[in-house]
Structure formats: C-alpha cells, structure tokens
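J.: The sequence and its predicted three-dimensional model are supplied below.
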Amino acid sequence: MDQEFTLTVATSSDALIARAVDDAPQSWASAEEQALFFRDVEAADWAIMGKNTHLAADKPHRRRIIFSTKSKGWQRPMQFWVDPFDLSPADLARHVSARHPLRKGLILGGTRVHDWFLARNAIDRVNLTIEPVTFVNGLPIFSDQTGSDPLAIFLSRGFKVVSERMLNDAGTRYFELIK
C-alpha cells in the first residue's frame, strides 16, 4: 500500500500557524480543535514534523519522523530524525518500515515541513482548523504564501473542500480538503 499523507493544521484567521517557533497551538487553539488533532494523531502510523514542532510538544512514546539537518537516526525507539533534503516521501516509509509501517502519515509542521511535502505534491488530505484569533506576525502555513485567508491558500494550490463545519460558538471553522 502506498502512503497517504494528511496535513493537520490549525491557523489563525490571518493564516499563521504560530506567533513564534516555540508557540505551541495548544496555547491558543480551541478545545474542539485539540480533540480533532488528537483524533488525527491516534489514527496515524507516523507523525512527521520539524525539530521545533517536536520540541514544543515532546512525546517520547509517539511514533515520529523529525526533520533536522543536524540530528540523524533513531533518537528513541520510535523517533527517527532525518535530513529530508534528498529524500522522497517513499524514502521516509523505507526508513521506518522495520519499526512500524508508514501507511498513514500525519504532517504536523512547521512551515518548512509543509513546504517539503507541498514541493513533492505529497499532501493528499488537509484537515484545516481556522481559529478566530489574529496574530499579525508569525509563521505562515507555507513560506511562499500570499494573502491572509487560510482557506484560499489551499484552494489556490488545487485543494478542494469536501466538508466544512463550525466547531464552536466562538467561530472556529473546520475544513477537510483533498487534492
């Protein structure tokens, strides 16, 4: 079976995923978003993220592939560090297959990790939560994004909405998109 990669991302209403590299979403995302996030984590074979995302919420017991230009190899029994520069998404699966197959990969960020998967046309699904907060400055979903409408950023890249709903009375919106 080939791999399927889902990007799960919570953004501010102005299309930023964090105010700074150490700004974990659990500090500003709604309880409803967090419930959906943990649903996605539990359903995935492996979560893929950058070093800063990993360090913002270190979970030693979770299966993680961590992108890093400095650290490499198995740092814990289920956490593989890799420089992805010359790799493909299929290469990621080969690296971890002896420990646990990678069929459902969950892309958790940050921006450079999103960019890596986008450049390889390897984002199959997107679970997008737009929180009713504004950051003005911070980390974008993709490094080359223009505009500040999170949904438009994905639609302009060829993704299509398959479902949408309001998560709470505060105005948190949730979209499922496919390529």
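T.: Right, received. Where do you want to start?
J.: C-alpha from now on. contacts and neighbour counts both.
T.: OK.
J.: how far does stretch 66-82 stretch from start to finish?
T.: 6 Å (CA to CA, to the nearest Å).
J.: List the buried residues in that stretch.
T.: Residues of stretch 66-82 classed as buried: 66-68, 78-82 (neighbour count, 16 or more other CA atoms under 10 Å).
J.: Which pair of those spans the longest distance?
T.: Largest separation among the buried residues of stretch 66-82 by CA to CA: Ser68 and Met78, giving 15.8 Å.
J.: Can you read off the pLDDT for the closest residue to Arg99 other than its chain neighbours?
T.: Spatial nearest neighbour of Arg99, excluding adjacent residues (CA to CA, 6 or more residues apart in numbering): Met78 at 7.3 Å. Note on Met78: pLDDT of 94.
J.: quick one: Met78 and Ala47 touch, right?
T.: No - contact criterion CA atoms under 8 Å: Met78 and Ala47 do not qualify, at 10.6 Å.
J.: All the strands of the chain, in order from the start?
T.: For the chain, the strands defined by DSSP state E cover 4-11, 16-18, 46-50, 64-67, 73-76, 79-82, 104-109, 125-130, 139-140, 160-166, 173-178.
J.: avg pLDDT for the longest one?
T.: Looking back up the chat, that one is strand 4-11. For strand 4-11, the per-residue pLDDT averages 97.
J.: Would you pull up how far it lies from the middle of the chain?
T.: The chain centroid and the centroid of strand 4-11 are separated by 4 Å, computed with CA atoms, centre = their mean, to the nearest Å.
J.: what helices or strands is that strand leaning on?
T.: strand 16-18, helix 31-43, strand 104-109, strand 125-130 (3 or more CA pairs under 8 Å, 6 or more residues apart in numbering; DSSP states H and E).
J.: Run the chain-centre distance for stretch 162-179.
T.: On CA atoms, centre = their mean, the centre of stretch 162-179 falls 16 Å from the chain's centre.
J.: Renumber starting at 375 from here on
T.: Let's use 375 as the start, then, which means that last one is stretch 536-553.
J.: which parts of that stretch are buried?
T.: Applying 16+ other CA under 10 Å to stretch 536-553 flags 541, 546-552 as buried.
J.: Kindly check the end-to-end length of that stretch for me.
T.: Across stretch 536-553, first to last residue, CA to CA, it's 10 Å.
J.: Contacts for that stretch, please.
T.: 404, 406-407, 497-506, 532-535 (CA atoms under 8 Å, 6 or more residues apart in numbering).
J.: 7 Å - rerun?
T.: 406, 498-506, 532-535 (CA atoms under 7 Å, 6 or more residues apart in numbering).
J.: among the residues you listed, which two are most distant?
T.: Farthest pair in the contacts of stretch 536-553, by CA to CA: Glu406 and Gly532, 26.9 Å.
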